[in-house]
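Enquirer: Predicted model follows, preceded by the sequence.
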Amino acid sequence: MIPKESTRVEYGKTLKELGSQYPEIVVLDADLSASTQTKYFALAFPQRFFNMGVAEQDLMGTAAGLAVGGMIPFASTFAIFAAGRAWEQVRQSIAYGALNVKIVASHGGVTVGEDGGSHQALEDLALMRVLPNMVVLVPADGPETRAMTRWAAQYHGPVYMRTGRSTMPVIYGEDHRFQLGKGSILREGDDVSLMGIGVMVHACLEAASLLEKEGVSARVLNLSCLKPLDWELVVDSARRTGCVVTAEEHMVTGGLGSAVAEVLSEHHPTPVKRVGIRDVFGISGTPGDLLKHYGLTARDVVLAARQAMARKKGA
Amino acid sequence: MNQVHDLAQLQEIARQVRIDIIDMLHRAGSGHTGGSLSATDIMVALFFGKMRRREDDPCWPHRDRFILSKGHCAPALYAVLSRLGHFPREELQQLRRFGSMLQGHPDSSCTPGVEIPTGSLGQGLSIGNGLALASRLRGLESRIYVLLGDGEVQEGMVWEAAMTAAHYGLDNLTAIIDRNRLQIDGRTQEVMSLEPLAQKWQAFGWHAMEVDGHSMPELLAAFDAGSQIQGKPAMIIAHTTKGKGVSLFEDKVKYHGVAPNKEEYDQAMKELGADRPARG
């Protein structure tokens, strides 16, 4: 049985560990510390934890000021409020000055579940990816979350990291190290490239197993560093397999699907099929129901792979 | 420290800063005349008469910090920073030009002495709060100053920050509102009423004071009083005249975002006594 972990919980635990190592780390939250998991840090380092109340714009501005003052602020709230409500504060007061603020936003995607469309951020990656100076990360399991959180603490500059509510199978070993701008190959294959982020990395892996039974060999990439994107790996995979599927728990516009399509159309035009949300808002339901409803299952990735392969040159 | 305590000398610096502002804006052909002139005395009193700094070490950790939340009044800040030696005075002539270190609104990545980019209104007070918290955590003696416009406090985020500063008892923070009573579309009382402004800040848990924002002694006394407050942040509502110092521009909505043309420039320079030698 593969163990399962939640990226938001692993973020919270790692942050607490980093608190002892880095006296400059301060953590800010906007009345959601139990949900974003900053509560662990808050209990261990109450002097360095600031609850800003239900005020996300002020959360970002205060984090910016703490960074100017030489601290390393981690600011957490739900993705829809971090990237949506406070977008212009992030742009003006954090990204513009390339300030050393780490925005770690939980509850990205439809797997938020029952809270419904108001709370399911399906646009956050697009909103953050468009900002100069911003690094955008989406970990796919516990070890990757821990590695990214540790990396963010020692990197000087703004970072946006999206964590999720659901638990995910562990992919990486405990010694996993994060490298900026690097994607990873989780499975080799020649017929199609399945490129995922977050929870959809797991759907891609499962899809690759299903495709194998049909005699299709799929290469699976985790593009958890959405910005800067590992464009060399993307182009290399497109060259090797001749077609690409992207999979994300996000709108197909502006996120991973767009990023991959942008790179390929400029450097190596290749048929791309994007799996993701298509211009609709979320609804209430269990995460499982919603992943099915929005076409975000391994079966959907398999269907997309078949469509992409049918559009290959000479197919 | 080299603080200036002579009132006549501070007034003379303010006169010269106003001359700089008119010259910069006229050369640039665009920019914010009215608010730069209304905020001049506040900034001169602060930078030259109050704020702790070290001339040989601009990054001295214990220095007092200033955030120009009303970032469109960058010309006044640039004139002050150049006079303090952060960059050569010739740079002022390049305001708003392509490749200049002096952007239309403050940008810390290219202008020495600017702490953080501002210009999108409403954000500076939160940044000041963050700096005040950092200063407290690091055991620094720095005091944080934030200058806001009166139209700016119509931004909701300002009131989020007002709550935060009081909640965390930030007594190392002084905010100043340049209360010139005008904004782009007209008088603040007509566009979006602010009064009773001092009571609003008091109700939010601040120590609020009101002064004549063109009186050096009143400004300096308020800054000193603000530094003495324990357990709560200080707010100074500085009553000012938009366009102060040049009769053509005074209390005129039109000159919020309009630079002086040649005729206006000539008259402004005459009124400011630009041909008089600098004193002090």
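Expert: Yep, that arrived.
Enquirer: low pLDDT regions in the stretch 151-280 of chain B?
Expert: B:279-280 (pLDDT under 70).
Enquirer: The residue of it found nearest chain A: helix or strand, and which one exactly?
Expert: Going by C-beta to the nearest C-beta, chain A is nearest to B:Glu160 of the stretch 151-280 of chain B, at 3.6 Å. Where C-beta positions appear, they are placed from N, C-alpha and C, glycine not excepted. Using DSSP states H and E, B:Glu160 falls within helix B:156-167.
Enquirer: Report the backbone C-alpha coordinates of that helix in PDB.
Expert: Only the C-alpha atoms of helix B:156-167 are listed here, as PDB (Å, rounded to 0.1, in the frame of the first residue of the first chain):
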ATOM      1  CA  GLY B 156     -10.500  49.600   1.800                       C
ATOM      2  CA  MET B 157      -7.100  48.100   2.300                       C
ATOM      3  CA  VAL B 158      -6.000  51.200   4.300                       C
ATOM      4  CA  TRP B 159      -8.600  50.300   7.000                       C
ATOM      5  CA  GLU B 160      -7.500  46.700   7.100                       C
ATOM      6  CA  ALA B 161      -4.000  48.000   7.800                       C
ATOM      7  CA  ALA B 162      -5.500  50.500  10.400                       C
ATOM      8  CA  MET B 163      -6.900  47.500  12.300                       C
ATOM      9  CA  THR B 164      -3.600  45.600  12.100                       C
ATOM     10  CA  ALA B 165      -1.400  48.500  13.400                       C
ATOM     11  CA  ALA B 166      -3.700  48.900  16.400                       C
ATOM     12  CA  HIS B 167      -4.100  45.200  17.000                       C
END
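Enquirer: How many residues are close by the residue lying closest to A:Gln57 once chain neighbours are set aside?
Expert: Leaving aside its chain neighbours, A:Gln57 sits nearest to B:Met157 (4.3 Å; criterion: C-beta to C-beta, 6 or more residues apart in numbering or on different chains). B:Met157: 25 surrounding residues under other C-beta atoms under 10 Å in any protein chain shown.
Enquirer: What of A:Lys4?
Expert: For A:Lys4, using other C-beta under 10 Å, the count is 13.
Enquirer: got the contact list for the closest residue in space to it that isn't next to it in sequence?
Expert: The shortest distance from A:Lys4 to any non-neighbouring residue, by C-beta to C-beta, 6+ apart, is to A:Thr167 (4.0 Å). Contact analysis of A:Thr167 by C-beta atoms under 8 Å, 6 or more residues apart in numbering or on different chains lists A:4-6.
Enquirer: so what's the residue nearest to B:Ala166 when sequence neighbours are not counted up against?
Expert: Closest residue to B:Ala166 apart from its sequence neighbours, by C-beta to C-beta, 6+ apart: B:Gly205 at 3.0 Å. Residues in contact with B:Gly205, defined by C-beta under 8 Å, 6+ apart, are B:162-163, B:165-167, B:232.
Enquirer: top of those by neighbour count?
Expert: Result: B:Ala165 is most packed of those (other C-beta under 10 Å), 30 neighbours.
Enquirer: Check the gap between that residue and A:Leu43 for me.
Expert: Distance, B:Ala165 to A:Leu43, using C-beta to C-beta, to the nearest Å: 25 Å.
Enquirer: if we can go back for a sec, run a quick check on the residue of the stretch 151-280 of chain B closest to chain A versus A:Ala55, I expect a contact.
Expert: Yes - with contact defined as C-beta atoms under 8 Å, B:Glu160 reaches A:Ala55; the gap is 3.9 Å.
Enquirer: Please identify which residue in the stretch 1-150 of chain B comes closest to chain A.
Expert: B:Gly130 (2.0 Å).
Enquirer: Please, which helix or strand holds that residue?
Expert: helix B:124-137.
Enquirer: distance between the next helix-or-strand element following that helix and the chain's centre?
Expert: Sequence-wise, the next helix or strand downstream of helix B:124-137 (DSSP H and E) is strand B:144-149. Distance, stretch centre to chain centre, for strand B:144-149: 7 Å (C-alpha atoms, centre = their mean, to the nearest Å).
Enquirer: Test of understanding: give the bridge partners of the nearest residue to B:Lys232 once chain neighbours are set aside.
Expert: Once flanking residues are discounted, B:Lys232 sits nearest to B:His207: 5.3 Å by C-beta to C-beta, 6+ apart. Under DSSP bridges, the beta-bridge partners of B:His207 are B:Ala234.
Enquirer: mind listing what B:His207 touches?
Expert: Applying C-beta under 8 Å, 6+ apart, we find B:His207 in contact with B:226, B:229, B:232-235.
Enquirer: tell me the domain boundaries of chain A?
Expert: A:4-169, A:184-310 (automatic domain parsing).
Enquirer: next helix or strand past the longest helix along chain B?
Expert: The single longest helix within chain B, with elements called by DSSP state H, is helix B:7-28. As assigned by DSSP H and E, the chain's next helix or strand after helix B:7-28 is helix B:33-49.
Enquirer: can you state the direction angle for that following helix and helix B:7-28?
Expert: Relative orientation of helix B:33-49 versus helix B:7-28 (axes from the mean of the first three to the mean of the last three C-alpha atoms, to 10 degrees): 140 degrees.
Enquirer: angle of helix B:33-49 against strand B:144-149?
Expert: Going by the same axes, to 10 degrees, helix B:33-49 is angled at 160 degrees with respect to strand B:144-149.
Enquirer: Give the pairing partners of whichever helix or strand comes after helix B:33-49; include direction for each.
Expert: Past helix B:33-49, further along toward the C-terminus, the next helix or strand under DSSP H and E is strand B:65-68. As defined by DSSP bridges, the strand partners of strand B:65-68 come to strand B:144-149 (parallel).
Enquirer: Pull the number of nearby residues for the residue of the stretch 151-280 of chain B closest to chain A.
Expert: Per other C-beta under 10 Å, the neighbour tally for B:Glu160 reads 24.
Enquirer: in what helix or strand does A:Ala259 lie?
Expert: helix A:256-267.
Enquirer: That helix packs against which elements?
Expert: If you count contacts as 3 or more C-beta pairs under 8 Å, 6 or more residues apart in numbering or on different chains; DSSP states H and E, helix A:256-267 packs onto helix A:124-129, strand A:192-196, strand A:225-227, helix A:231-241, strand A:244-251, strand A:272-277.
Enquirer: Try it again at 7 Å.
Expert: helix A:231-241, strand A:244-251, strand A:272-277 (3 or more C-beta pairs under 7 Å, 6 or more residues apart in numbering or on different chains; DSSP states H and E).
Enquirer: And B:Val2, what's its pLDDT?
Expert: Quick fix: residue B:2 is Asn, not Val. pLDDT recorded at B:Asn2 is 64.
Enquirer: Bridging across strands, which residues link to B:Ala175?
Expert: Taking DSSP bridges as the rule, B:Ala175 bridges to B:Val146, B:Met235.
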